[in-house]
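Peer 1: Compute the structure for the input listed below.
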Amino acid sequence: MSDNPRPALYSAPYSVRLIGRTTIGACQDVDVVGHHCEAGDILVRGARLPVDLRPGDLLAVPASGAYRLSTSSGYNLVGRPAVVTVHHNRARPLIRRETVEDLRAREVLN
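Peer 2: Predicted structure coming up:
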């Protein structure tokens, strides 16, 4: 919901895939959800992903939309994610992940 509200707002369809390691396991249909524990916090319904997913695995959502960054928010004080481009198997960061310090920098202390 904070990273990309388009699936919840417009039912925007996305694909997702495991990156960073190979897997030989079978696949299963799973829902990829966010971390807000809200009913609409579902990024991809019925994604085909390996059954051996484990904590720490990275999932990529390619082509997540031109307006993903401009519609992201600090909902529940969760920082916005990094933006990375990948070309010819080479990743290049475009915008760094928003940190707690970034969020606190906006506070006005008396």
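
Peer 1: from memory residue 44 sits against residue 12, does it?
Peer 2: No: taking contacts as CB atoms under 8 Å, residue 44 lies outside contact range of residue 12: 10.1 Å. Yep, even glycine has a C-beta here, placed from its N, CA and C like the rest.

Peer 1: of those two, who's got more company?
Peer 2: Neighbours per residue, other CB atoms under 10 Å: of residue 44 and residue 12, the larger number sits with residue 44, 18 against 15.

Peer 1: In which helix or strand does the more buried one reside?
Peer 2: Element membership for residue 44, per DSSP states H and E: strand 42-50.

Peer 1: and that strand, how far out from the chain's middle?
Peer 2: Distance of strand 42-50 from the chain centroid (CA atoms, centre = their mean, to the nearest Å) equals 12 Å.

Peer 1: That strand pairs with which strands?
Peer 2: Using DSSP bridges, the strands paired with strand 42-50 in its sheet are strand 27-33 (antiparallel).

Peer 1: buried residues in the helix or strand bottoming out on mean pLDDT in the chain?
Peer 2: Lowest mean confidence among the helices and strands of the chain (mean pLDDT, DSSP states H and E): helix 68-71, at a mean of 78. Within helix 68-71, the residues that qualify as buried are residue 68, counting by 16 or more other CB atoms under 10 Å.

Peer 1: After it, which helix or strand is next? Please name it.
Peer 2: Moving toward the C-terminus from helix 68-71, the next helix or strand (DSSP H and E) is strand 83-87.

Peer 1: For that next one, give me every contacting residue.
Peer 2: 62, 69, 91, 92, 93, 94, 95 (CB atoms under 8 Å, 6 or more residues apart in numbering).

Peer 1: of those residues, the lowest pLDDT goes to which?
Peer 2: Least confident entry in the contacts of strand 83-87, by pLDDT: residue 69, with 77.

Peer 1: Quick check, that residue in contact with residue 82.
Peer 2: No: using CB under 8 Å, residue 69 is not in contact with residue 82, being 10.2 Å away.

Peer 1: Mutual contacts of the two, please.
Peer 2: Common neighbours of residue 69 and residue 82 (CB under 8 Å, 6+ apart) are residue 95.
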